[in-house]
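J.: sequence unknown, structure follows:
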């Protein structure tokens, strides 16, 4: 049977479980936090005073911090790209008139993710620490340029990607929150920490999707996992650019900044892979084809190999001057 047909059959076979995944890993809309829970209340008399306090707390945060905050926000704001990409994945069907569990998941996941860019964008605007027009231009470019994460319409590869990426964003938001709290900014610290909590729940869900597929099609999933790691997991904002720039020119400079700050590092990439290898118990997967056996051997050895590479990596110490932040004259 062609590989594509096998994937579609597996997606259809486990679709009845999606409702349970939603109950386990998503929070009812009426119960989950909303951006207004963290931001000054514009209906209250003390709104302007609260904004002044927010702006005052923001002055202690340095240049690299704000660059990272902006890039994290833009990444979250490009959500329309991610939803449209996932809706086109094999087995995720919103066109046949039926209540497809997978498309229901994508919409519900998107709805939770949407709050992240919303609250971060509003915070940046109120902080007065960044050039919002430049941020908005970059966001529009990122959505307009789209992205290519090397997954095509393959559900196996897409779920590997989202499992990896959700944990990466959890790490980034959590560390940004810790840095904000350390500088005395309790509000921003709490905001980023709770966003990180959402990302962790989403990571656990996609991680479970992959585990379930391993039970249905172990060789197919093993090969998909190895293929994604050979290509490398690119960040969703890898096409990032500033006004007047070309696609991807801003991403490397942002990555260097995040590495310097310790928000997301090459070592984190290795650690995520090691955790996934352990959780999916690659060494215990049975009924593999010869090709899939080789893929497993590659995956099991890969963390040590990447560890050696990460130890040799060098990152520039010079701060690139982003248009998003430089207008405020921060150092």
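T.: Sure, I can see it. Everything numeric here is computed off the predicted structure, so don't read it as measured data.
J.: so the residue located most distally from the centre of the chain: helix, strand or coil?
T.: In the chain, residue 45 marks the outermost C-alpha relative to the chain mean, sitting 37.0 Å out by C-alpha atoms, centre = their mean. Going by DSSP: H, G, I helix; E, B strand; the rest coil, the secondary structure assigned to residue 45 is coil.
J.: on the pLDDT front, check it for me.
T.: In this model, residue 45 is scored at 95, pLDDT.
J.: quick check: it vs residue 197, distance?
T.: Residue 45 sits at a distance of 32 Å from residue 197 (criterion: C-beta to C-beta, to the nearest Å). No exception for glycine: its C-beta is placed from N, CA and C like everyone else's.
J.: got it, and residue 287?
T.: Spatial separation of residue 287 from residue 197 under the definition C-beta to C-beta is 37 Å.
J.: so which of these two has more stuff around it?
T.: Set residue 287 next to residue 197 and count neighbours by other C-beta atoms under 10 Å: residue 197 wins out with 15 against 8.
J.: can you give me the pLDDT of the more buried one?
T.: Among the per-residue scores, residue 197 holds a pLDDT of 98.
J.: what's the answer for residue 250, then?
T.: Confidence score, pLDDT, at residue 250: 89.
J.: verify the stated contact: residue 277 with residue 303.
T.: Yes: with contacts defined as C-beta atoms under 8 Å, residue 277 counts as touching residue 303 at a distance of 6.8 Å.
J.: so what's residue 218 closest to, chain neighbours aside?
T.: Ranked by C-beta to C-beta, 6 or more residues apart in numbering and with sequence neighbours excluded, the top spatial neighbour of residue 218 is residue 285, at 5.0 Å.
J.: for that neighbour, give me its contacts.
T.: If a contact means C-beta atoms under 8 Å, 6 or more residues apart in numbering, then residue 285 has 214, 218, 222, 296 as its contacts.
J.: from residue 35, how far off is the residue farthest from the centre of the chain?
T.: To residue 35, residue 45 is 21 Å away according to C-beta to C-beta.
J.: swap in residue 232?
T.: From residue 232 over to residue 35 the distance is 33 Å, taken as C-beta to C-beta.
J.: check residue 110 too.
T.: Following C-beta to C-beta, the distance that separates residue 110 from residue 35 is 16 Å.
J.: do residue 324 as well
T.: The span separating residue 324 from residue 35 equals 21 Å under the rule C-beta to C-beta.
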